[in-house]
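>>> below are the sequence and a predicted model; questions follow.
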Amino acid sequence: MRTDVPLLTKRDFINGLSCPKRLYLAKFHRELETPPDEGSRARMADGNDIGAMARLMFPGGVLIEASGPDALLATEAMMQEAHTLFEAQFVSGGRSVRVDILQRDGDGWRLLEVKSSKQPGEKEKVKTHHLYDVAFQVLVLREAGVNVKSANLC
């Protein structure tokens, strides 16, 4: 029986909402996971491109390129200096997130989650899983001691 529990990422959380079995397999039996198909890979590439374009809207922002523990250290250091961070990483309560855009707002921070899907029309609603995505990030940041003053979808 496994005694180590892997961190829960926001992707895990969202996937687990739609299919708990998928979450379990992703965390404990990764070898059974189906590799992404061509369409999924294309959407991921589009998401990366959209993220890069969104960063252009915030000149002077700092991209946290490190991963793992180094990303946590880089995020902590840059929060002391930078006005805007891209891909800042936080871990709290067994959960991990990377925030698309984190912008200083007075004595706190504004979280911006970038999505590549279209803006909802007049009679359409924001996708529920996008709201859960933002809520998960706010939870982790607040538990990590970050004063999140607002959170938005872009």
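Yes, it's here.
>>> burial of the nearest residue to Arg142 once chain neighbours are set aside, as a residue count?
Nearest non-adjacent residue to Arg142, counting by C-beta to C-beta, 6 or more residues apart in numbering: Val148, 5.7 Å away. Quick note: C-beta positions are derived from backbone N, CA and C, even for glycine. Val148: 19 surrounding residues under other C-beta atoms under 10 Å.
>>> from what I can see Val148 touches Leu111, true?
Yes. Using C-beta atoms under 8 Å, Val148 is in contact with Leu111, at 5.7 Å.
>>> spell out which residues are contacts of both of the two.
138, 141 (C-beta atoms under 8 Å, 6 or more residues apart in numbering).
>>> mind listing the helices for the protein?
Secondary structure of the chain (DSSP state H): helices at 10-18, 20-28, 38-55, 69-79, 128-143.
>>> how about residues contacting the third one?
Contacts of helix 38-55 from elsewhere in the structure, counted by C-beta under 8 Å, 6+ apart, are 36, 61, 63, 86, 100-101, 112, 114-116, 154.
>>> can you list the buried residues in stretch 94-108?
95-103 (16 or more other C-beta atoms under 10 Å).
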